Structure formats: C-alpha cells, structure tokens
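Colleague: Sequence and predicted structure are below.
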Amino acid sequence: MNPSTGSGTGYGSTVSTGQGVWLVAERELSTKLRSKAYLISTGILLLIALAGVIWAGVASATPSSTPIAATSTAASALQGAEGYKITDVSDRAEAEKLVADGTVDAAVIDDSSSPTGMVIIADKEAPQSLLMMLSESPPVELLNPDAGAGGLRYLLGIGFGLVFMMSAITFGSPIATSVVEEKQTRVIEILLSTIPARVLLAGKVIGNTLLTISQILLLVVVGAIGLMVSGQTAVLQGIGGPIAWFAVFFFFGFILLAAMFAAAGSMVSRQEDVGATMTPVMYLTMIPYFLVIFFGDNPVVMTVLSYVPFSAPVGMPIRLFFNEAAWWEPLASLAIMLVACVVVVLIGAKIYENSLLKMGARVKLREALRG
Amino acid sequence: MTSGTLQLTGITKSYGTRLVLDDVTFPVVAGHLTGFVGGNGAGKTTTMRIVLGLLASDGGSVTLGGTTLTPDARRQFGYMPEERGLYPKMKVLEQVVYFARLHGFSKTDATSHATALLEELGLGERLNDNIEALSLGNQQRAQIAASLVHDPEVLILDEPFSGLDPLAVEKVAGVLQERAARGVSVLFSSHQLDVVERLCDDLVIIAGGTIRAAGPRDQLREQHSAPRWELESNGDVGWLREEPGVTVVDFEGGNAVFDTDDPASAQRVLRRALQDGDVSRFGPQHPTLAQIFKEVIQ
C-alpha cells in the first residue's frame, strides 16, 4: 500500500474550511436523524400539531349546525344569522313535537302576546346564542376601544412564544450536550488536531440550525395542511405573513442561541455539570415567552420586545398580525438581529476556543473570554 | 516520501508559576521510531500537545525538515491522545472514515483506506459495531486507526500500547514499524519500557520537564554502560577479587559480574579464566532501558 498513490486526491492536504464545516454539520445531522428518540419525538410533535389544528377547526365549525324550527314570520327574523339550520314549521304544535323528539334544539314561533312577538320553545334549556340574538340590547359606545382582540393577542403570544421557547430548548440544549460529549470522551483532542475550533463550531451550529429549521417548516406545513383540510383558509391567510416573519427571525435567533449553547457546553467537562452553564441561556429563551404573555397589551413593551434580538421572533410577528408595525420595522429589527448574531457568534466562538481543551473544573467565564 | 526531521528546540512551558517544560530539545528522525519515556507528570503529554499545536509553548520552536510548522502542516499529523475517546454511538468504520474525510479524503478514498487499515489492525469483523460495544483493547485499535487513516508523515502517539494484550501489542507495533519503514516519523510515549526498548530506534527520556537523555538507542546503551562484564565458567573464579583493576559486583562459584578500569583488564580476566576451566559465556553487560531510565532520572 503506497500512500502517495493509494489515497488519491486527499493525500497531504487538509480539508477546506467549507468542506470541514459541512462534514461536521453532516455528522450532526446524520447522528440525530438516526436516533430513534429524535424521530419518535418529532412524529409525536407533528401529530399533536395536526390534531390541534383539526380539533380547532371542528370545534369552531360545530355551532353552524344547531338545528332550529321556526314558523315563517320568525324565520325571517332569523335570516342572515349564521350557525343555525332552520326547519320550517306551520304552527306551535308541530314545533313542540320536533323539540320534544329532539329533531331540533329549539323552536321559534310567533306569539303576539310576547313583547318581541316571538316565543322560544326548548326542551330543558334554550340555546344562549339564540336568546342573545333575539333579545334587544341597548347600544354600547366604548370611549377607549381595545386596539386588537385581547384573546387572540394572548393566544398568538402563547403560540409563537411556546414554539420559540420549546424549539430553542429542545434543539439548543443538545448542542451543549454534544459539545460536552466531545470533551468528555476526549474526541475533541483528535478533532482539534485535525480542524480549527471555529470550523467545528460552525459545523455544529449550522447542522443543528438546519435540523431545527426543517422541523419548524415541517410543523408549519402540517399546520397549514390541517387548516386547509378543516376548511379554515381564512385563518391561514391572516397568519401566513406573520408566520413567515417568525420563521425568518427564528432562523437567526436560533443561530445566536446555538452559539451560546455551544459556548455553555464547552465550559464544562462532564454532562453532570452542563446544567449550570446552560441555565442562563435557557432563561434567555423563556424571557420573550413570559414578557409577551404578561405585557402583550402594552404597546411600548411590545415595541421594545419586537426589536430585542431574543424576543423579536415572538414580538414582531404579533405586531405584524395586528398591523401595528410599519413595513420597515421588521427589516430594522432583522438588521439588529443580524448584528447581534455576528457579535454573539464571535463571543461564543472565543469562549468555545478557549475552553475546549480545559478539562476538569468548570471554566470561569472571565477566563474563557480572556483566553 | 520523507518530510525530514521533526525538530523540537528549546521548548518551554509554564502553567502559572509552575515550569512544566524547560528547554526541551530533541529530534524525531523520519523513518525512525522514537520512544518518549518519562514518569507521570514528566511533561510527555504537554510536549506532544505543543508539537500538535493544541497548546501554545512559551518559547522554543518546532520545525519539520527545517521549516517552522504552520497550523495547516500540524493538522496533517496523526495523533492519538492519551485519554482515549471516540464517539461512543458511532460505528467503527464510519468514525474512522469521518476522520479521514476531515483530513480531506474523498468519501470513496476514505472508506477504502479506513476499511483496509481496520482490517490490518484486526477489526475487520467489527466495522459496523458501535464504538461503545467494543472492548477497551478494540476501542484502542480503532483509535490507532483514526490516527493513521490519513497516512500522516508524522505520527504522535500518547501511550499507544497501554491496555493492550501482548498479541495486540505485537499487531500495533508491527503497524508502527511498517509506517516507520516507509519514512514516517513516529514519536510515541510509553510506560512499557520493555516494549520501547525492543521497538525504538531512538529514545528520549524526560523527567521534571527536562530532557535527561536523547539519541539512538544503542548509543544511549553504550553511553550508560558502566564498563561491566559478565563471566560464566565451570572453574572457581575467586581469584577475581585479587585481580588489579577489577571490582567484583556479583560472584557465585564460576559466575561473576565485574567492572574493570579498562577493556584490557577484561581480556586479562578472560585469559586467566580459560586457564582454569571452560568459559561458557563472556561479554560486556548492556544495561536495560529500565536501568538507564533509573540512572538518568535521578
């Protein structure tokens, strides 16, 4: 075996930076994709998302089929009201019969003695919505109308916040543990005698970011399919833009977090210790979630949150959904995010490079930064 | 294909106020197996890490064939760290292929190379087993494969033989000798002095961060041989005690070990012994590496 002919192209050359990064990223990807735990948890996550969307669709569609019996005059009063399936009846006796045998939930018939000119006949309880619709309420004038629907804002906050927090933790913390694994098994020494630390870090961050983004995209696709299947296309149109922005912000936000998780992992030598350095990063991913939920209706806080790199993936899409942000605002926020991303990745890389070969006790942050 | 001598010159390194390497200078000659011997904490691993660029030295230089090493040049070295470690959940072949590819091999070349090497090291049956499923000795062979797979011109192995059974030691030794014969510079540390003694062309002995002895094995042996002789005969050699210029070290019947002031005295002793009876053995006694080691580290 003559090495100068046996190894072909490879002999005596080191790998280029790009190739090295890709090889590391590829290993991260293939290791994950082959792990049963990962595949099963992904499957479960997607099923839950699909079930949730379809359930929401079915639940909102159900009231449309409330069966009602009505005489012709009463039926004209119900005209244009959504959510009722009206059966025409000629008189009170026929209506009572339908209510009694359960064909309809309630019947509306003319009665001149009633102040509204109508009477509702029901078995045990009259449907609330029907009562509300047929009763007369005084007009209401609000002096300080709420800008957006409070409930929906809250829901969106929980939705985006939860997806951001859960994915950041689910996909970010394995980066830290994989860095510790390399330190603990000392494979790191071979790796660093082969490729520069920055190539290793870049490969890890890129591999895991690709994995996470593909998972988020899969979730979005499954969600969209669920919405279409259950006939909620209107929701889909309203939320499409904000979701796209969420994905863009999430992409860069995750790179930033991935670098931090890698740096956190590099500072310890044993899996048992990684919790201590990873906790601050975990808090950073939880903050946007809680702030958006608690201060969702405070325009000042929301504006600030939509510009701070960690909370922008959650804050900005919500403001966009309620048309509170000008067209340039997501771009400005994205620019801030990119700058933060570069700065944090550089700091993370420094900590990573300085700590990788330090075994034993936890590396102090100051020491890791100074080198 | 030799890359020339790997030369360490005046390497110093301190951790804080503790000086761990002091003016470490020695060559690793291309085509030679160089044994690096020293007690625990003598500075072997630190020296190796500095050669590989994993650690920066405080002073001194490392050159290969006369030119200062660039980071890229160091990354072509093969390295086996003292603390064993590979990815536990990766398959043996996959892992070795991964390292070959990180060294710039194409996937096909990496695979054929890694397969051949693992077979050579006796792991042909275990290619698709996870590392964690292998015995420690086999993990070690996989590790050696990882350090050799890119056909490095310089090989740095930290304790390659520890934890191997005698057959595995032979196998690994054979692979290293074959590499050296091709012109590779091989530097390895070991606590197994008998193995080092048998394998190495050159020896480097380090203690307390300073090089105590370095050079070709046979030359070191000669330098550290006291002028000591061994005699085995069937006569009584009691007269040796009275012989001028001779100091008896050990004596029993016709057998004796003795030091002389010059080679001529030894020849005189031999002639005298032959007059008294038959001599079955006579010659200079060479110190073992263990003896040299003990002597130089004191």
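Modeller: Received it, and whenever you're ready, just let me know what you need.
Colleague: Going by length in residues, pull out the top helix of chain B.
Modeller: Longest helix in chain B, counting residues (DSSP state H): helix B:166-181.
Colleague: Which positions within that one qualify as buried?
Modeller: Judged by neighbour count using 16 or more other Cβ atoms under 10 Å in any protein chain shown, the buried positions of helix B:166-181 are B:168-169, B:171-173, B:175-176, B:179-180. Heads up, the C-betas are built off the backbone N, CA and C, glycines and all.
Colleague: What parts of the stretch 101-250 of chain A come near chain B?
Modeller: A:181-182, A:184-196 (Cβ under 8 Å from any Cβ of the partner chain).
Colleague: Point out where the stretch 101-250 of chain B drops to low pLDDT.
Modeller: Counting by pLDDT under 70, the stretch 101-250 of chain B has no low-confidence residues at all.
Colleague: And the strands in it, which stretches?
Modeller: Taking DSSP state E, counting those that start in this stretch as the criterion, the stretch 101-250 of chain B contains strands spanning B:154-158, B:185-189, B:202-207, B:210-216, B:228-233, B:246-252.
Colleague: now swap in the stretch 101-250 of chain A and tell me
Modeller: Using DSSP E, counting those that start in this stretch, the strands of the stretch 101-250 of chain A run over A:106-110, A:118-122.
Colleague: what's in contact with the last one?
Modeller: Contacts of strand A:118-122 with the rest of the structure, by Cβ atoms under 8 Å, 6 or more residues apart in numbering or on different chains, involve A:74, A:77, A:92, A:95-96, A:99, A:105-111, A:126, A:130-131, A:134.
Colleague: just to revisit the earlier point, among the residues of the stretch 101-250 of chain A next to chain B, which pair sits farthest apart?
Modeller: Across these, the longest distance by Cβ to Cβ is 21.2 Å; it joins A:Gln184 and A:Pro196.
Colleague: Of the two, give the one with the bigger neighbour count.
Modeller: A:Gln184 (21 against 17; other Cβ atoms under 10 Å in any protein chain shown).
Colleague: Give me the number of neighbouring residues for the closest residue to that one other than its chain neighbours.
Modeller: Spatial nearest neighbour of A:Gln184, excluding adjacent residues (Cβ to Cβ, 6 or more residues apart in numbering or on different chains): A:Arg270 at 5.9 Å. Residues near A:Arg270, counting by other Cβ under 10 Å, number 12.
Colleague: ditto for A:Ser90
Modeller: Neighbour number of A:Ser90 under other Cβ under 10 Å is 10.
Colleague: so how far is A:Gly102 from the nearest residue to it once chain neighbours are set aside?
Modeller: Of all residues beyond its chain neighbours, the one nearest A:Ser90 is A:Thr71 (6.9 Å), with distances taken as Cβ to Cβ, 6+ apart. Look at A:Thr71 and A:Gly102: by Cβ to Cβ, to the nearest Å, they are 19 Å apart.
Colleague: Neighbour count: these two, which is higher?
Modeller: A:Thr71 (20 against 9).
Colleague: Give me the pLDDT value at that one.
Modeller: pLDDT recorded at A:Thr71 is 82.
Colleague: Pretty sure it sits against A:Gly117.
Modeller: No - A:Thr71 is not in contact with A:Gly117 according to Cβ atoms under 8 Å; the separation is 11.1 Å.
Colleague: overlap in contacts of these two?
Modeller: A:Asp110.
Colleague: Near A:Gly43, how many other residues are there?
Modeller: A:Gly43: 10 neighbours (other Cβ under 10 Å).
Colleague: Secondary structure element holding it?
Modeller: helix A:36-61 (DSSP states H and E).
Colleague: now the residue nearest to A:Ser90: how far from B:His32?
Modeller: According to Cβ to Cβ, A:Thr71 stands 110 Å off from B:His32.
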